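1. My questions are about this predicted structure, shown below with the sequence.
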Amino acid sequence: MPYNEIIQRIKSLANPENVEGMARFGINPANTYGVSVPVLRKMARETGRDHELALALWASGIHEARLLACFIDRPDMVTEAQMEGWVKDFDSWDICDQCCSNLFDRTPVAHEKAVAWCEREEEFVRRAGFVLMAALSVHDKKASDEAFLRFLPLIKEYATDQRNFVKKAVNWALRQIGKRNRKLNGAALKTAEEIKKIDSRSARWIASDAIRELSSDAVQKKLANQK
């Protein structure tokens, strides 16, 4: 599907009520048409993988076009410069999360960027670092335990960030690492107990929520049944 046809299709599906609803959930309504993710994923399947088209769609600045770009780009063609350019454009949690968990986490430098970005001050760049950690915990089946153990001190360090979009991503990363296997579960729970002792409201919330899930019967049973 060519660029102009995609843009016209997005505009033809505009739903102002959806835009209002998205705004209530913290999604930036600027340059947004209210097209749902399932509809965009269907468009992505029709379009197929296309790196150059993805770059053009991202450059449009349209919210849905950028989501579509994340779905159709080719991870093997994504450059570090592209990742740095796109992460600076993140202005909404859904763009951040979809990009990191559908595209960036499949690039060769994903682990490196997870570390680098979580140390940055910009809200959505820092969130991107922790979302990458969470996504890699699920998608990178070949990574060693050590690759995720190195994330835990960073999770502890930034657990005091009070910003809502950051603290939720920190929590997400901690929980996903702790659900990867028994060894990482123990390490994540230990980190959560350390975080819980920090004099910070966000840290206490992150820790308590993670401990509740990671020590739950459901998670422990699933880990016990792993081969």
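-> Yes, it's here. Residues are numbered from 1 along each chain as shown.
2. List the residues that contact Glu80.
-> Shown in contact with Glu80 (CB atoms under 8 Å, 6 or more residues apart in numbering): 109, 113. For the C-beta atoms, the positions are set from N, CA and C on the backbone; glycine is no exception.
3. And the pLDDT for it?
-> Looking at Glu80, its pLDDT reads 97.
4. so how far is the lowest-mean-pLDDT helix or strand in the chain from its chain's centroid?
-> The helix or strand of the chain with the poorest confidence is helix 16-24; it has a mean of 86 (mean pLDDT, DSSP states H and E). Distance of helix 16-24 from the chain centroid (CA atoms, centre = their mean, to the nearest Å) equals 21 Å.
5. do stretch 25-36 as well
-> 17 Å.
6. re the thing from before, can you give me the mean pLDDT across the helix or strand following the least confident helix or strand of the chain?
-> Following helix 16-24 in sequence order, the next helix or strand is helix 37-47 (DSSP states H and E). Mean pLDDT, helix 37-47: 96.
7. Residues touching the next helix-or-strand element following helix 37-47, excluding its own?
-> Sequence order places helix 51-59 as the next helix or strand after helix 37-47, per DSSP H and E. Contacts with helix 51-59, where a contact means CB under 8 Å, 6+ apart, come from 3, 6, 47, 65-66, 68-70, 72-74, 77-78, 82, 86, 89.
8. Stretch 181-190 now?
-> Here stretch 181-190 makes contact (CB under 8 Å, 6+ apart) with 145, 148-149, 152, 174-175, 177-179, 210-211, 214-215, 219-220, 223-224, 226.
9. buried sites along that stretch?
-> Counting neighbours by 16 or more other CB atoms under 10 Å, one finds that the buried residues in stretch 181-190 are 184-185, 187-189.
10. again, but for stretch 94-108
-> 94-107.
11. got the CA coordinates for it in PDB?
-> Output in PDB follows, covering the C-alpha atoms of stretch 94-108 (Å, rounded to 0.1, in the frame of the first residue of the first chain):
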ATOM      1  CA  ASP A  94       1.600   4.200  23.400                       C
ATOM      2  CA  ILE A  95       4.000   5.300  20.700                       C
ATOM      3  CA  CYS A  96       6.900   4.500  23.100                       C
ATOM      4  CA  ASP A  97       5.600   1.100  24.000                       C
ATOM      5  CA  GLN A  98       4.600  -0.100  20.600                       C
ATOM      6  CA  CYS A  99       7.900   1.100  19.000                       C
ATOM      7  CA  CYS A 100      10.000  -0.500  21.800                       C
ATOM      8  CA  SER A 101       8.100  -3.800  22.000                       C
ATOM      9  CA  ASN A 102       7.400  -4.400  18.300                       C
ATOM     10  CA  LEU A 103      10.600  -3.000  16.700                       C
ATOM     11  CA  PHE A 104      13.400  -1.700  18.800                       C
ATOM     12  CA  ASP A 105      13.600  -4.800  21.000                       C
ATOM     13  CA  ARG A 106      14.400  -6.900  17.900                       C
ATOM     14  CA  THR A 107      17.500  -4.800  16.900                       C
ATOM     15  CA  PRO A 108      21.100  -5.800  17.700                       C
END
